[in-house]
Structure formats: C-alpha cells, structure tokens
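1. Please work out how this folds:
(chains A, B, C and D)
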Number of protein chains: 2
Amino acid sequence: MPAVRLVDVAARAGVSLATASRVINGSRRRVPAEAIAARVRIAAEELGYVANAQAQALARSSTGLIGIVVHDIADPYFSSIVGGAQRQARENRSQVLLAGTNRDAEAELTAVAAFASYRADAIILAGSRQRRVDPRLVAALTRYADNGGRVVTFGRRPIVAGARVIEIRNRDGARQLVEALIMRGLRDFVVLGGPSGLVTAADRVSGFRSGLKAAGIAPLQVLHGGFNRQGGYDSALDAWSRLGDRKGTGVCLLAVNDVMAQGAITALRSLGLHVPDDAAVAGFDDIPTLQDYDPPLTTFRLPLQHIGEQAVSLALSPEDGGWIAIEGTVVLRQSTATASSESARTDHRSQIAVGTS
Amino acid sequence: MPAVRLVDVAARAGVSLATASRVINGSRRRVPAEAIAARVRIAAEELGYVANAQAQALARSSTGLIGIVVHDIADPYFSSIVGGAQRQARENRSQVLLAGTNRDAEAELTAVAAFASYRADAIILAGSRQRRVDPRLVAALTRYADNGGRVVTFGRRPIVAGARVIEIRNRDGARQLVEALIMRGLRDFVVLGGPSGLVTAADRVSGFRSGLKAAGIAPLQVLHGGFNRQGGYDSALDAWSRLGDRKGTGVCLLAVNDVMAQGAITALRSLGLHVPDDAAVAGFDDIPTLQDYDPPLTTFRLPLQHIGEQAVSLALSPEDGGWIAIEGTVVLRQSTATASSESARTDHRSQIAVGTS
DNA sequence: TTGTATGCGTTATCAT
DNA sequence: ATGATAACGCATACAA
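-> So this is what the prediction gives:
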C-alpha cells in the first residue's frame, strides 16, 4: 500500500530525484549516462515503480487525458467513433475519458465540467446538439479553451472561438443519396426526420429536401421523432397510417440514420409489409452492424472509425482552429431495389457504391 | 490560461485557503458559517473556478477514476456493458477511463499499466481472457491491488487475490439454451465455438456439450474461429461444407455469441439458405441490435447494461473480494423455429422467454 | 552530466 | 470556526 515513489527509486539507485526523473522520463534529450540510467531503470523495475500520472500532470501541465462525450455509447454510430478515437489516443499515449449524456443537455454540461476539472488536454463533443446551444455549455467550453484546453466539436462551425471542428457533410450526403434513389426510379418519399431541433438530423432532412426539390419532387411527409430505433419505428407506423392510397406505389422511407431505418423496417414488418417490395427504406451512416442486416440497407456510408481517429488527431494538434471535412459515399443496396432495378430479391449481397468525389 | 486556483477564490472572498477548500468541498461536516460560505461560493462563481481534480487526487488519495478495459468497444456486447458502467459511474460522480485491446494481451497490459499510473480507484477487466493468464498481467494487477486499487474481473474466479468478480453463468446459460432447443425438437447441432482458448467461449461450448450429453446427443461438429461476426461467418461456411448429407435435416448452428450467429446467418444466406427453414441458428447475449434483426434470433439473454452497472458498483464497494453472479434467460425466437413448432414464418415478433430461476 | 530547490493546486493536520 | 502550513509525487530552472 505504500506506493513506491520516484524518490524511492532514486534512493535505491543512489542518484538524485532529478536524475531518476530524467531517466524514467526522457522528456528532453537530457539523458544521463547510460551506466547511471541503467541503475535507475533496474531499481525502478525491482521496486515495481509506477509513475503517478496525477503528480506528473500537476508538475507538467498536460494530463494525457482526452475527454469524449457522446449521446449513447451503446449506439453503433458512437461506439464506432469512440473505437477509432480510442485507437488514435493509444497511438499518442493518451487515455480516453468517456461520458454519455443520453441527449440530456444537463448531463452534457456536467460531463464537460468534469473533463475540465480533470484538466483533460482536449474535449471532444461527438454528439450533435440543438440548434440553440446552451449558453452555459458555451461558457464552460470558452473558459476551458481559454485555459489552454482544446475543444473539438462535430458540426458545421466551431461552437466556441478557436475550437476545432469535424464537419460531416450531412447535407451533401443526404442530397446525394436521394438523387441516387431518384435515379433508380423512386418518386414518392417520406422523410423520417428525427428530432427537429437536432442539427445533424435537420441537416440531413435539409439535404433530402434539396435533392427532391431539384428533381421537382415534394416529399409526401416529413415526420419527426426520436433519433433512435424507437423513433424510426414510431415514425414509420405513423407514416404508414397517414399514407392513405399512396400505399403500394413504391413509397420510399428516408430515415436520417441507420438505426431509425432499422426500426422503421421492423415496424413495416409488423404490419406484414416487405422491404423493398411494399416499401423502400434508406438509412444514413452505414453502421458496421449493417453487415449482417437483412434486407441489405441502402445508406450513406460514413467512415465512422476514421472520424474518431481524425477527431483525436485534431484534438492533439497544436494549432488552433483546425477543421476537417468528412466525406461519405452513397451505398445502394436491396432495401431500395425497385422492380425495374436489376436483381431485386436475387443477390442479397449486391451493393453499388456511388462515389462522391 | 492563468487557470483560476482556489487561492484566488479565497483571496477574493477574503478568507483563507483552508476555509475556501472547506466550503467548495464539504468533505467533512466542517461547514463554515453560512455567511462566509456564501461569499466563497460567489467568489468562485464570479471567477469561474474549476477545481483541479489532479491536485485533489494528489492531496486526497482517490482520483474518482474508474478504468474499464474491453476487447472492442464497437462490439454491441461491450458497448452495452460500458453504457451501463458509465451510467453507474455518473451516479457515483466518477469518471470512466476506457481502453480497447482488440484482444491483444500486450495492449491489455498497457491499458492496465496506464490505469494504474493514473491511480484509477478501480480497474474493471470486462473482456474474457485466455485460460492461461499472462503472468505480467497478474503481477501488474497484484501490485495495483496491493496499493489499494480495486480490481474487478469477469470470469469464474478472481484473477488476483482480493479481486472482485462478475460471474456470468455462461455454462449454465448455454446448457439451458440447448435444452430448450432439444425440447423444441432439434437434434442435430453444430457448435460455432469461437476461440478455443477464450474462457467465455470455452464455457459456453462446455455448456452446450453438457446439455447435449444429458440428452444423449453428440454434436455433429464443434468448430473454432474468431469471436466476432467474421468468425461466425467463416465457421458457418466451413460447417456447411463439411455437413455432407446431414444438410436439410434440421441442423441447428449454436454460436457462442450473437454477432457470430449473425455472421453465420449471413453466410448461410450467401449460400441461398434460409433460416430457420434450411437451418436453425442460435446466439448468445441478446445484444440490443437484435431488436431489429431478422430473422428474430434465438439467444440467451444477458442483462448487459445491468452487468456494467454491477461491475462499477462492485468496483466502488469498500469491501474486498465481492462476487456477483449474473443470471440470464433463454429467449426462443424464429431463428430456431421447427416445422412442428407453432407459427413458424407467421408472427415475426413471437418470442418465448423461458425463465431460469 | 548531476544535484538542489521550488512550484504545481489541494487537502488535511495542527494551532489559534 | 478559521487560519497557517506541511504533505501529496513529480518536473524543471538553476546551480554546481
């Protein structure tokens, strides 16, 4: 229980604390003579010395901690991103502090405060927020940034001055996706839009709208609900009940993310409907679990793990105000296969990627 | 950048550092006079004071950090557990340090060392390990525990003296599952056993074997491979090719976890086979994503989020050597529907839960 | 190159 | 009840 300290190591090696510190921690190229260094290392090994990161953090001014706040870690979208972030953090010998908020602004604020308290080197806000950002959040982040903390947010613009941003091209992606579907012959669209205030959801809806408008098409409906599978399920049920005589005319449900699309498909199935025969469905994100999902879901692929890695790189980068745009790819699969499109119901694995750039 | 310190707050409030500390941090019921306390609080608020958790950790001897190491955070099994853990940690005003290892023993060791270095109050090893535990891991954990750190491992017995353990009844669960399937009329089983060295996988295989043996049945095959969807996919392909004339006789594939089962079903589908008509498939865990998975997958339900919560509770509990057993439930769904079993292919949502206790 | 001494921000022990 | 002050474990500017 008397955790061995660096002084103990120094004593055993017969050197000063400073020397021991330099050996164990070649912060600069101030490496002592190899003979001495070896003695210190041996002493440390024999004593089972484990540096106290807290004390180091206090003495230096960097903790090696990266805070990541997500809405729901159990959501494949976030868990993939966090996976990438964790990977990149390891590359940089940093540790990941994780917080989930369940989309609660209060919890998000608490998480940021906690990370600031731990003097995390950077805070990454991976979850999208409402259009109106909580002023308290801005205040907390501003203070954090003023004290040297790096802030990375997902969105279109920095939430506080100097913040870095990961911009996922949601609007463009949604537009590309709907254009590809129109090209496939789809004409009647229902948008499962998620929460109306959530920026990510709103941007995707906006992209869908823009693509439709360009083709002179008006969406049959634009519904709002939860950003999770339940939201997709409920919205789909709602949509179908309101569809009236448009049912069966090749309606396509456009969900603003994959889990919503999956919930929607489950809802349709509960109605005895088949996808894509009775209705087409498309999602967004291309979460890894789609790999084993049937019907193969048409979606807009985002490099989730890569996004996490980039977020951490951005967070660790010395210069302020960095900005990384994330592009995606339209992935057409069976869930939006039309009668005219080749191979409906035959090859389950068929998959056509339409490049973006 | 000149982060405001407690001294600054004290100065502005016109009190001593000690008093300010007592106010901001009612560690004991040594609360100063309310009049003074209010002044301090106001000063802190005005200055935007944020306590330095690192310094606090150094002065107290607790960091409020809980380290969790998993194999792959993107795996729904782990992300659900981590979600529960994170939730419980928040309840206890603790922060979660997350590390992923990709099943690499070296990475696991590094993660434990890092957590120990940060003086995490507890380290939770949520991922199963090989039967032969790396002695270096044991050494690191022992030292950590000796220094007052709490260790929680998932498995059947503590990996180091005094460690707490979360015991998931894998063997019992697997046995119950296979018994239920036998009762449903299934007779020909192929076990998709995952990595032969992994304790969790081995225990489940053992449970399957035990259940089969009790019914006088010998498994057609027991295959080994990865513990992920790819492992399930590959094993299923392998199994089918070796099945010879037993194909089509109502074979049931028993996977040691859900993602493997999903991979297996995808593999069968690529062969033009239908589940459960051409083959039955069962998984293990009941990951949340199964909610929208088709065919509805028979599995053994584990309270994943609850497990995460319990792990943290155990980690935070003062007494050493705690032990929590996790029970589960057999959940029979369409993926193992037999011709004789009612409602095959009709009600997709039918689901029968067979209690365990 | 190596050692000495100071600071990092708090908590806690002691007086007062 | 409140205020000095000594840890807490380490890094580093400065001195040797």
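2. contacting residues around residue A:263?
-> Residue A:263 makes contact with A:228, A:229, A:230, A:231, A:232, A:233, A:234, A:236, B:292 under the criterion CB atoms under 8 Å, 6 or more residues apart in numbering or on different chains. For every residue, glycine as well, the C-beta is placed using N, CA and C.
3. how many neighbours does residue A:336 have?
-> Neighbour count for residue A:336, taken as other CB atoms under 10 Å in any protein chain shown: 28.
4. Quick one: residues contacting it.
-> A:181, A:184, A:186, A:252, A:276, A:280, A:281, A:282, A:298.
5. Quick one: the strands in the stretch 101-250 of chain A, in order.
-> For the stretch 101-250 of chain A, the strands defined by DSSP state E, counting those that start in this stretch cover A:122-125, A:150-154, A:164-168, A:188-192, A:221-223.
6. strands paired with the second one, and their directions?
-> In the sheet, strand A:150-154 lines up against strand A:122-125 (parallel), strand A:164-168 (parallel) (DSSP bridges).
7. Show me what that strand is in contact with.
-> With contacts defined as CB under 8 Å, 6+ apart, strand A:150-154 is touched by A:121-128, A:141, A:144-145, A:158-160, A:162-168, A:200, A:311, A:314-317, A:320.
8. hang on, the earlier thing: sort out which of the contacts of residue A:336 are buried, if you could.
-> Among those, those that count as buried by neighbour count (16 or more other CB atoms under 10 Å in any protein chain shown) are A:181, A:184, A:186, A:252, A:276, A:280, A:281, A:282, A:298.
9. Could you identify the most distant pair in the residues you listed?
-> Largest separation among the buried ones among the contacts of residue A:336 by CB to CB: A:184 and A:281, giving 13.3 Å.
10. Would you mind naming what in chain A lies close to DNA strand C?
-> For chain A, the residues in contact with DNA strand C (CB under 7 Å from any atom of the strand) are A:15-19, A:22, A:30, A:32-33, A:35-37, A:55, A:58-59.
11. For the residues you listed, name the two members farthest from one another.
-> A:35 and A:58 (31.1 Å).
12. neighbour-wise, which of these two wins?
-> Per other CB under 10 Å, whichever of residue A:35 and residue A:58 has more neighbours is residue A:58, with 17 against 7.
13. thought that one was touching residue B:56?
-> No: applying CB atoms under 8 Å, one finds residue A:58 not in contact with residue B:56, separated by 10.1 Å.
14. Can you list the buried residues in stretch A:320-333?
-> By 16+ other CB under 10 Å, the buried positions in stretch A:320-333 come out as A:322, A:324, A:326, A:327, A:328, A:329, A:330, A:331, A:332, A:333.
15. How is chain A divided into domains?
-> Annotated domains of chain A cover A:6-60, A:65-168, A:170-298+A:333-352 [automatic domain parsing].
16. how far does stretch A:167-182 sit from the chain's center?
-> Its chain's C-alpha centre and that of stretch A:167-182 lie 18 Å apart, by CA atoms, centre = their mean, to the nearest Å.
17. residues of it that come out buried?
-> Buried residues in stretch A:167-182, counted by 16+ other CB under 10 Å: A:168-182.
18. And for stretch A:105-123?
-> A:107-123.
19. what does stretch A:84-91 give?
-> A:84, A:85, A:86, A:87, A:88, A:89, A:90.
20. cool, stretch A:284-300 as well?
-> The neighbour-count check on stretch A:284-300 (16+ other CB under 10 Å) flags A:284-290, A:292-300 as buried.
21. quick one: which of the residues you listed is nearest residue B:68?
-> For the buried residues of stretch A:284-300, the minimum distance to residue B:68 (CB to CB) is 20.8 Å, reached by residue A:288.
22. The closest one reaches residue A:75, doesn't it?
-> No: if you go by CB under 8 Å, residue A:288 and residue A:75 don't touch, sitting 11.9 Å apart.
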